[in-house]
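*Asks:* all I have is the shape, not the residue letters:
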């Protein structure tokens, strides 16, 4: 029996090599698409909450004009019928007034002055003064005394005009004097000795000195 020749052996080896090469190509290689990493889907970021539209601000109400206390000052004048005089002293929202006819009728009154300039002052035996400060220059009002009403205007007083008073004991008698020094220098006052009224002697406006029954007293400006 003849052995296969070298040519047959060579062909068999070549066929086997081709088979192995083909098998390796089909099993050892993967397509590039099988290695592609899945790109994660982009997560939609939550949309920013829109800022609320600024609401139209309401205009703030205009502040109520503040009232200020009336200035400290003195006022003096006469009644409308020219029968009597009146003086008013205003200090820190308080007032004291003196009504006097220079003979036997007088009244001391006191009370508060409101920020709007109105005042209601009261005295003994139901005496009452109602007045209003006008631009800080004058007081216009009325005095009710002993059943009578007196209208008056008291202008702002510049020293020595104003209201003065002196109290003392002279020769055993209790003395109480009130004076109104009017603009221009005229004086109206009453002096009581043990509650008996009479016209008051004049004071020295520059010093307040007055002589009563031979003794010198000093009348002082009156303030509330």
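*Replies:* On my side now, so go ahead. Please read these numbers as outputs of a predicted model, since none were measured by experiment.

*Asks:* what packs against the helix or strand hosting residue 99?
*Replies:* If you go by DSSP states H and E, residue 99 is part of strand 94-100. With contacts defined as 3 or more CB pairs under 8 Å, 6 or more residues apart in numbering; DSSP states H and E, strand 94-100 has these neighbours: strand 85-91, strand 106-112, strand 118-123, strand 162-170, strand 173-181, strand 187-193. C-beta coordinates here come from the backbone N, C-alpha and C atoms, glycine included.

*Asks:* and after the lowest-mean-pLDDT helix or strand in the chain, which helix or strand comes next?
*Replies:* Lowest mean confidence among the helices and strands of the chain (mean pLDDT, DSSP states H and E): helix 6-27, at a mean of 53. Per DSSP H and E, the first helix or strand lying C-terminal to helix 6-27 is strand 73-79.

*Asks:* pLDDT on that following strand, on average?
*Replies:* Averaging pLDDT along strand 73-79 gives 98.

*Asks:* same thing with stretch 93-112?
*Replies:* In this model, stretch 93-112 has a mean pLDDT of 97.

*Asks:* mind checking which of the helices and strands packed on strand 94-100 is nearest residue 151?
*Replies:* Ranking those by proximity to residue 151 (CB to CB) places strand 85-91 first, at 10.4 Å.

*Asks:* now the angle between strand 118-123 and the closest one, please.
*Replies:* 110 degrees (axes from the mean of the first three to the mean of the last three CA atoms, to 10 degrees).

*Asks:* other residues contacting strand 85-91?
*Replies:* Applying CB atoms under 8 Å, 6 or more residues apart in numbering, the set of residues contacting strand 85-91 from outside is 70-79, 95-102, 113, 121, 129, 131, 133, 139, 143, 152, 154, 157, 162-163, 180-182, 188, 221-224.

*Asks:* repeat that for 6 Å
*Replies:* The contact list for strand 85-91 (CB atoms under 6 Å, 6 or more residues apart in numbering) reads 72-76, 78, 95-100, 113, 139, 152, 154, 163, 180, 188, 222-224.

*Asks:* I am finished for the moment; much appreciated.
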